[in-house]
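K.L.:
Compute the structure for the input listed below.
(one chain, ligands or ions: 1)
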Amino acid sequence: MKLTVEEQAMLDGGGGQATKKAMQILAALGKIYGAECMLPVTSVQIAGVSYDNLSEAGLQFLSEMADGGGRARVLTTLNPAGMDIENWTALGIDQEFASNQQRVIEAFARMGVITTCTCTPYLAGNLPHYGEHIAWAESSAVCFANSVIGARSNREGGPSALAAALTGRTPAYGMHLDQARWPTVTFDVRNLPEGGTYWFGALGKAIGERLQALGGKPVAYIRGVPEASLEQLKSFSASLATFGGAAIFHMEGITPEAGLHQPPHETIPIQLADLDLAQSSLNDSTASQADFVSLGCPHLSIQEIARIAELLDGKHVKKEFWITTARPTKQIADQMGYTALIEASGAKFAVDTCCVVAPIKGRFQALVTDSAKACYYAASKNRFKTVFLPFDQVVFAALEKRIDAGEESPN
Ligand code: F3S
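P.N.:
Below is the predicted model:
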């Protein structure tokens, strides 16, 4: 791979041990994927932050990079951690896990990483613009950034994202090049029901599974979606990345690069029956039997939090209910009085974290959520049953008493 003088100096150790290691990681990656050169990046988002995923070996790697003088050269933020950094006791996190998670955050802070822990960095000050090369790791955010913003990012792993932060570079391959972004298959969506994030989650699952079945690296060109809000697009991005492994999609009339292309000839219809099947396959329990409710996968916007506050005003939740979001968004909620309304109901903010990356395996039996992605990981990682419902109905489910197995329903 062709390196600039500055990049070669980093590889030779001129920038210190950590920068050298970082450039070695990127050069190896570039070689594997046939990159001809490195590209400068302007924004990084690092995943693998929860101690639950990292463990001691991961923490040791981070400590070595911090001890080796590693310093972020570009704006760098983090994916959710395993706990609310300030309010972890309210979420039932134990002291030992909390201490280890704090050590992870401190290692990143020593490297000059902004320790905002969120999977929606674009809502919390890390917002690239169209055409910008970035190195993000969270799959839903990568899909959103490539598709909705038109920035350019491969789906980085934790080490390669950190390496990009410490060097300000990423190898030029995949989503950074035009060709990998071109649509290859058209999806004709018919009769998408109106509604919030829920139907977009189901749509992401229906299209994602078809992309997987096609094999290779197909890119979807989607027609027939009349409009989509930021919240619907973040839900769709999360679902499409989870079920289809997709890093990009184009949505006619909605995403910026859709207008650069003609719809590909190969066309797959997506009917209401496909969406019904997608949503029903995520339900293997009932809301009345569930003992855990969560909204915020991906992390909630301030508008979504405002809606929760409106629905919970003057009411009391009867189940454990986590509201997951980024700390800067929570601070707006504090300022607007939404936090006070929500917390008065007994629901809990779970800031910096989420119902998937927190160490809660075995604590609950069934999760109610509006997120197709959260359903997938709640089942596969935490072995929870899942109930997939529209946003408002998730809030209503939190207000219902839990019906234990065998107990008669009051209805
Ligand atoms: Fe974010 Fe956790 Fe969902 S990281 S996308 S809230 S699984």
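K.L.:
I'd like to know which residues of the stretch 201-350 of the chain are adjacent to the ligand.
P.N.:
Within the stretch 201-350 of the chain, the positions near the ligand by CB under 6 Å from any ligand atom are A238, C297, P298, H299, T324. Yep, even glycine has a C-beta here, placed from its N, CA and C like the rest.
K.L.:
so of the residues you listed, which ones are in helices?
P.N.:
Taking DSSP state H as the definition of helices, those contribute A238.
K.L.:
could the residues of the stretch 201-350 of the chain next to the ligand be laid out in CSV, adding neighbour count and distance to F396?
P.N.:
Shown next, in CSV, are those (neighbours: other CB atoms under 10 Å; distance: CB to CB, whole Å):
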residue, neighbour count, distance to F396
A238, 29, 23
C297, 31, 18
P298, 28, 22
H299, 31, 22
T324, 29, 19
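K.L.:
In strands, which of the residues of the stretch 201-350 of the chain next to the ligand fall?
P.N.:
In strands, judged by DSSP state E, the following of these are found: T324.
K.L.:
quick one: which two of the residues of the stretch 201-350 of the chain next to the ligand are the most distant?
P.N.:
Farthest pair in those (CB to CB) is A238 and T324. Separation: 12.6 Å.
K.L.:
joint contacts of these two?
P.N.:
Taking CB atoms under 8 Å, 6 or more residues apart in numbering as the criterion, A238 and T324 both touch C297.
K.L.:
Secondary structure element for the residue of the stretch 1-150 of the chain found nearest the ligand, which one?
P.N.:
Closest contact between the stretch 1-150 of the chain and the ligand, by CB to the nearest ligand atom, is at C119 (3.1 Å). Counting by DSSP states H and E, no helix or strand carries C119.
K.L.:
Just to check, it is in contact with L300?
P.N.:
No - with contacts defined as CB atoms under 8 Å, C119 does not count as touching L300, sitting 10.7 Å away.
K.L.:
Between those two, which has more neighbouring residues?
P.N.:
Counted by other CB atoms under 10 Å, C119 and L300 do not tie: C119 has more neighbours, with 31 against 27.
K.L.:
Quick check: closest non-adjacent residue to N154.
P.N.:
The shortest distance from N154 to any non-neighbouring residue, by CB to CB, 6 or more residues apart in numbering, is to G174 (4.4 Å).
K.L.:
Would you map the helices across the stretch 301-411 of the chain?
P.N.:
Ranges of helices in the stretch 301-411 of the chain, per DSSP state H, counting those that start in this stretch, are 302-312, 327-336, 338-344, 372-380, 391-399.
K.L.:
do the same with the chain
P.N.:
Using DSSP H, the helices of the chain run over 5-11, 17-32, 51-67, 95-110, 139-144, 158-167, 197-214, 230-244, 272-280, 302-312, 327-336, 338-344, 372-380, 391-399.
K.L.:
counting contacts, what elements does the longest one pack onto?
P.N.:
With contacts defined as 3 or more CB pairs under 8 Å, 6 or more residues apart in numbering; DSSP states H and E, helix 197-214 has these neighbours: strand 185-189, strand 220-223, helix 230-244, strand 267-270, helix 272-280, helix 372-380, strand 385-388.
K.L.:
Check these for me and report the most buried one.
P.N.:
Highest mean neighbour count of the helices and strands packed on helix 197-214: helix 230-244, a mean of 26 (counted as mean count of other CB atoms under 10 Å).
K.L.:
Return the mean pLDDT over that helix, rounded to an integer.
P.N.:
For helix 230-244, the mean per-residue pLDDT is 98.
K.L.:
Ok, stretch 357-374 next?
P.N.:
95.
K.L.:
Show the end-to-end separation of that stretch, please.
P.N.:
In stretch 357-374, first residue to last residue: 10 Å (CA to CA, to the nearest Å).
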